[in-house]
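Novice: What follows is a predicted structure for the sequence shown.
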Amino acid sequence: MTHAAQLSFEFFPPKNDDQLATFCRTRDRLAALKPAYMSVTFGAGGSTRARTRDTVLNIQRETAIPAAPHISCMSEDTDGIRELLDAYREAGVDRLVVLRGDRPSGGGSGVFEHAVDLVRFVREHYGRAFHIEVACYPEAHPESKTPATDLAHFRDKVEAGADGAITQYFFSFGAWERFMDDCARLGIDVPITPGIMPITNHARLKRFSKMCGADLPKWIGKRIKAWEEADDLASLRAFGEDVITDLCRRLLDAGAPGIHFYTLNRAAPTERLCRNLGFEAPTAEASIERAVS
């Protein structure tokens, strides 16, 4: 089973040498799947600015896979954003994920209030030098007044120059269907790639879902919590793998342009999902055959 659909993988910037070693191992294992790109997150309030840049340049330098840095409104000034974008452009980076970003824990805001303003800034100063992905939310952003206002914000980002979008992760295929129908009614026609979170840990998944507004269905939460409490991690892993594999298959069958995996810097859960979906790392024999032909 093969797909014309594309893979992409998200990483967070390592904090120390041990995390860096883990990241590099994960980077290389997932790079073998030939994703369209690998993205790197940007911490709340710009807290990981230097580490994000270093991780992006690491991917760009050490692999054949394009890197896509997250660029956040939570920066101190426009000069800082331009300096960062200039460095990326010089390094050959030509893809961005443009976000408002998480506000610092103590409150406050960045140089831009909304992601649409940052999209306009990039287009004004860099033209089409960067392919821009933005975020969208099948279950609506947790800070949006209504789903309609959230969709309007998404449309504004597309009209400002976004080339595509990555969704917040979700577990309901019905939420995806309704969201895509709503986007079609508004004339939003850029590629929208579903973001997918592997199921590996109940407490972490519950915490992440609460922060980002993703709905964690009770039937999923209860099962993974029970298996964790029973220390039956094999059953938890198998269940999570089945649930996410089924969701991804339905998304691809419905015409999703690809899958964007939130890897949490771990290779194995994403590798298993990709294998189930028919995305395989090319063998040495296949690589030789392609080269000869």
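Specialist: Looks like it came in fine.
Novice: Can you report phi and psi for R237?
Specialist: Per-residue torsions, R237: phi -60, psi -40 (degrees, to the nearest 10).
Novice: Hmm, P198 and it touching each other?
Specialist: No: using C-beta atoms under 8 Å, R237 is not in contact with P198, being 9.4 Å away. Any C-beta I mention is one placed from the backbone N, CA and C, and that applies to glycine too.
Novice: Between those two, tell me which one has more neighbours.
Specialist: Each of R237 and P198 has its neighbours counted (other C-beta atoms under 10 Å); P198 has more, 23 against 18.
Novice: Please tell me how far the closest residue to the more buried one other than its chain neighbours sits from G174.
Specialist: Counting by C-beta to C-beta, 6 or more residues apart in numbering, P269 is the residue found nearest to P198 once chain neighbours are left out, at 3.8 Å. Separation of P269 from G174 (C-beta to C-beta, to the nearest Å) stands at 24 Å.
Novice: who's more crowded, those two?
Specialist: When neighbours are counted by other C-beta under 10 Å, P269 and G174 differ, and P269 comes out ahead with 20 against 9.
Novice: pretty sure that one belongs to a helix, no?
Specialist: Yes: under DSSP: H, G, I helix; E, B strand; the rest coil, P269 sits within a helix.
Novice: give me every residue that touches it.
Specialist: The contact partners of P269, by C-beta atoms under 8 Å, 6 or more residues apart in numbering, come to 198, 200, 237, 240-241, 263.
Novice: can we see that at 10 Å?
Specialist: Contacts for P269 (C-beta atoms under 10 Å, 6 or more residues apart in numbering) come out as 197-201, 237, 240-241, 244, 261, 263.
Novice: Repeat that for A256.
Specialist: 3, 5, 167, 176, 180, 191-194, 196, 248, 250.
Novice: Please enumerate the helices of the stretch 151-293 of the chain.
Specialist: Secondary structure of the stretch 151-293 of the chain, counting by DSSP state H, counting those that start in this stretch: helices at 173-185, 202-212, 218-229, 233-253, 268-276, 284-292.
Novice: Would you mind listing the buried residues in stretch 184-196?
Specialist: By neighbour count on 16 or more other C-beta atoms under 10 Å, the buried set for stretch 184-196 is 188, 190, 192-196.
Novice: Sorry, slip of the keys, the one I care about is stretch 257-268.
Specialist: Buried residues in stretch 257-268 (16+ other C-beta under 10 Å): 257-267.
Novice: what is the mean pLDDT for it?
Specialist: Per-region confidence: stretch 257-268 scores 97 on mean pLDDT.
Novice: Compute the first-to-last residue distance for it.
Specialist: 23 Å (C-alpha to C-alpha, to the nearest Å).
Novice: next one: it to chain centre, how far?
Specialist: 8 Å (C-alpha atoms, centre = their mean, to the nearest Å).
Novice: Also stretch 89-99?
Specialist: Per C-alpha atoms, centre = their mean, the centroid offset for stretch 89-99 relative to its chain is 15 Å.
Novice: quick one: average pLDDT of that stretch?
Specialist: Per-residue scores along stretch 89-99 average to 96.
Novice: Likewise for stretch 73-83?
Specialist: Mean predicted lDDT for stretch 73-83 stands at 81.
Novice: go on, stretch 39-59?
Specialist: The model assigns stretch 39-59 a mean pLDDT of 82.
Novice: Same question for stretch 274-293.
Specialist: 62.
Novice: Low-confidence bits of the stretch 51-200 of the chain, can you list those?
Specialist: 75-76, 101-110 (pLDDT under 70).
Novice: can you give me the strands in it?
Specialist: Using DSSP state E, counting those that start in this stretch, the strands found in the stretch 51-200 of the chain span residues 67-72, 95-99, 131-136, 164-167, 192-193, 195-196.
Novice: Take those and lay them out in TSV including distance to K15.
Specialist: Shown next, in TSV, are the strands of the stretch 51-200 of the chain (distance: least, C-beta to C-beta, whole Å):
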stretch	distance to K15
strand 67-72	16
strand 95-99	20
strand 131-136	24
strand 164-167	24
strand 192-193	28
strand 195-196	23
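Novice: The ones you listed: which one's closest to D156?
Specialist: Checking these against D156 by C-beta to C-beta gives strand 131-136 as the closest, at 9.8 Å.
Novice: And that closest one, what's buried?
Specialist: Neighbour counts over strand 131-136 (16+ other C-beta under 10 Å) mark 132-136 as buried.
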